[in-house]
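In: Please work out how this folds:
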Amino acid sequence: MKRAVIGWDIGGAHVKAVMLDGQGEIVRVLQQACALWKGLPLLEDAIQHVLHHWQMEAEACDHAVTMTGELVDLFDNRLQGVRAIAETVQDYLPHAEFYLASAAQGAGFTASVAGQEAHIASMNWHASAQCLATSMTDAAMLVVDIGSTTCDITLCEQRQVVPVGWSDAERMAKLGLFYTGVVRTPLMALGPLITWLAPGQAQPEPRHIAAEYFATTADVYRVLGELSPSYDLAETADGQGRAMVDSMRRLARMVGHDVEDQTDDVWQSLALAFKAAQLDYLQQAIQSIMAQVPRPPQIMVGLGAGSFLVAALAQRLGLVYQPATAWMSAGNLQLKQDAEVCFPAYAVARLWQAWH
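Out: Residues are numbered from 1 along each chain as shown. Modelled structure (predicted):
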């Protein structure tokens with residue numbers, strides 16, 4: 001029987017950990033807020049918190065790691081960030097190995113990041129797609145991971161990952177990496193106009209929104225009841241609470257109002273307008289990806305805290321929606337759902353077991 005393994009996804013705002021037992025079944029999942037741009041001690045604290053919470057020593061299992069935290073402005077560049085994160089991780093997880101992928105070398109793990117920084121940086125999307133590609137049929141599918149901050153859109157076909165690019169710059173240019181998520185995205189990024197049926201109007205009309213950091217997408221999905229508190233870990237735009245009235249107050253500011261100006265149903269309709277704008281942007285990105293391939297996929301697999309948006313997008317586009325939980329093994333559905341939100345961490349753990 002294989003050893004238990006913890007998969008780690010070291011992001012700029014969260015650290016996610018998923019433990020698999022020797023048979024590949026999910027036994028523990030934990031997501032920890034970690035504002036890495038404030039300093040590496042927060043990453044140290046997050047790793048120690050996971051181990052302490054699970055009451056285990058690092059040596060008790062193997063550790064597979066992927067990262068995107070090298071992007072934060074704590075570091076001058078990605079190379080410096082990968083090295084600093086790897087050094088910090090290995091201080092607490094001495095035998096950890098890092099996921100890497102490239103067009104020339106394929107995918108695998110390495111204990112030493114030296115010379116491999118470019119192939120390690122921000123490869124969590126590839127780990128997720130690689131894990132699903134090797135688990136599913138030969139049919140073409142789109143893997144869409146909508147997290148707190150970004151959306152990764154990756155084509156898989158014939159059990160292979162078919163990326164539109166390898167670096168963040170290449171993927172952003174082709175919309176395979178799209179900076180919009182369900183928690184941390186400032187609502188001004190969905191502007192400068194949204195279409196909203198405001199009070200006193202007979203039909204929806206374009207409405208200018210404030211180019212200010214007044215509210216985030218977390219406010220939208222709190223008001224709509226679609227964001228689980230378990231995944232709602234980022235600070236709010238104004239540093240205030242996460243209660244419904246607080247979120248509505250922040251939404252109202254986006255259109256120049258105070259929350260007291262209108263009833264709750266008005267702010268719920270505004271939240272729906274922001275959701276529709278985000279769905280429109282995501283749909284355009286997905287259609288752009290589909291237009292780049294000779295055989296459009298018929299299946300869309302959803303991951304991340306925003307997987308509920310992936311299901312809506314599949315319906316819009318006439319694709320078959322399948323949740324990633326369909327290919328995950330756990331003792332209960334909640335563990336599967338939590339691991340789906342932390343899927344890159346699950347993916348590197350699963351790939352580690354498959355390749356060792």
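In: buried residues in whichever strand or helix holds residue 108?
Out: Following DSSP states H and E, one finds residue 108 within strand 106-110. Neighbour-count burial for strand 106-110 flags 107, 109 (criterion: 16 or more other Cβ atoms under 10 Å). All C-beta atoms are positioned from the backbone trio N, CA, C, and that covers glycine.
In: which element follows it toward the C-terminus?
Out: Heading C-terminal from strand 106-110, the first helix or strand you meet, by DSSP H and E, is helix 117-120.
In: Check which helices and strands that next one sits against.
Out: Under the contact definition 3 or more Cβ pairs under 8 Å, 6 or more residues apart in numbering; DSSP states H and E, helix 117-120 sits against helix 78-92, strand 97-102.
In: could you give the angle of the first one to strand 106-110?
Out: Put plainly, it is helix 78-92. 50 degrees (axes from the mean of the first three to the mean of the last three Cα atoms, to 10 degrees).
In: which phi and psi does the nearest residue to residue 204 once chain neighbours are set aside have?
Out: Setting aside the residues directly before and after it, residue 204 is nearest to residue 197 in space (Cβ to Cβ, 6 or more residues apart in numbering), at 4.4 Å. Residue 197 has phi and psi values of phi -90, psi 90 when expressed as degrees, to the nearest 10.
In: can I assume residue 197 is in contact with residue 203?
Out: Yes. Applying Cβ atoms under 8 Å, one finds residue 197 in contact with residue 203, separated by 6.7 Å.
In: more neighbours, these two?
Out: The neighbour comparison of residue 197 against residue 203 (other Cβ atoms under 10 Å) goes to residue 197, with 16 against 6.
In: show me what contacts that one?
Out: Residue 197 sits next to 203-205, 269, 273 when contact means Cβ atoms under 8 Å, 6 or more residues apart in numbering.
In: Recalculate using a threshold of 10 Å.
Out: Contacts of residue 197 were listed using Cβ atoms under 10 Å, 6 or more residues apart in numbering, and they are 203-205, 207, 266, 269-270, 272-273.
In: Return the members of the residues you listed classed as buried.
Out: Among the contacts of residue 197, the ones that count as buried by 16+ other Cβ under 10 Å are 207, 266, 269-270, 273.
In: what's the closest of the residues you listed to residue 213?
Out: residue 270 (17.2 Å; Cβ to Cβ).
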